[in-house]
Each structure stands twice: as structure tokens, then as C-alpha cells.
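Peer 1: pasting the sequence and the predicted coordinates here, then a few questions.
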Amino acid sequence: MTGLSATEVLLVAHSSPQKAGRVEVYDSARGMARVLADVPSPRPGYALQKVAVGDKHIVWFGATPNSTTRLGPTVPQP
């Protein structure tokens, strides 16, 4: 959970441990939540690991437990 303002928090909602879920903002002054993004799940078991908030963007990364497949760029090892 990450504070966005005096009344808003960013949170990740999961419908089950096996689904990545969605990123939401909960406003305590209004008592309402709104969905910002559904989190894509490239593999079964994918789970968010970290969420970061900027002025205009929200980013996250996740992992699939026990997976040996890398997603994204790799750096050759010397």
C-alpha cells in the first residue's frame, strides 16, 4: 500500500493468490475505490512484487515463482 494524498492510497487487489489482480486507488474521504489498471498475467502464478508511483505514471514488476524463464532484456554474463 502506498499513500498518494491525505485521503488516497494505492493498493493491489487480488481475486485469488493465483491471479495478478489490479491496481486501485482507495479514497477514504469518499469511501470508494477506483481501478487504475488490470495487471496482465503472462504466466499462471504471476504476482506483483513492487509498485512505484511517479507524478504521471505508476509502474510495477512481478515474478512467477519457480520459473526459470526470464521476461525482458538480459545482460550477458562475462
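Peer 2: Right, received. Where do you want to start?
Peer 1: low pLDDT regions in this structure?
Peer 2: For the chain, the stretches flagged by pLDDT under 70 are 16-20, 67-78.
Peer 1: one more pass at 80, please.
Peer 2: Residues of the chain meeting the criterion pLDDT under 80: 1, 14-21, 40-49, 63-78.
Peer 1: tally of neighbours for I58?
Peer 2: 15 (other CB atoms under 10 Å). The C-beta positions use only the backbone N, C-alpha and C, and glycine is treated the same way.
Peer 1: which ones are touching it?
Peer 2: Counting by CB atoms under 8 Å, 6 or more residues apart in numbering, I58 makes contact with 10, 23, 36-37, 51-52.
Peer 1: any chance of those residues in JSON lines with neighbour count, distance to I58 and secondary structure as columns?
Peer 2: Supplementary listing: the contacts of I58 in JSON lines, determined by neighbours: other CB atoms under 10 Å; distance: CB to CB, whole Å; DSSP: H, G, I helix; E, B strand; the rest coil:
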{"residue": "L10", "neighbour count": "17", "distance to I58": "7", "secondary structure": "strand"}
{"residue": "V23", "neighbour count": "19", "distance to I58": "6", "secondary structure": "strand"}
{"residue": "L36", "neighbour count": "11", "distance to I58": "6", "secondary structure": "strand"}
{"residue": "A37", "neighbour count": "11", "distance to I58": "7", "secondary structure": "strand"}
{"residue": "V51", "neighbour count": "17", "distance to I58": "7", "secondary structure": "strand"}
{"residue": "A52", "neighbour count": "11", "distance to I58": "7", "secondary structure": "strand"}
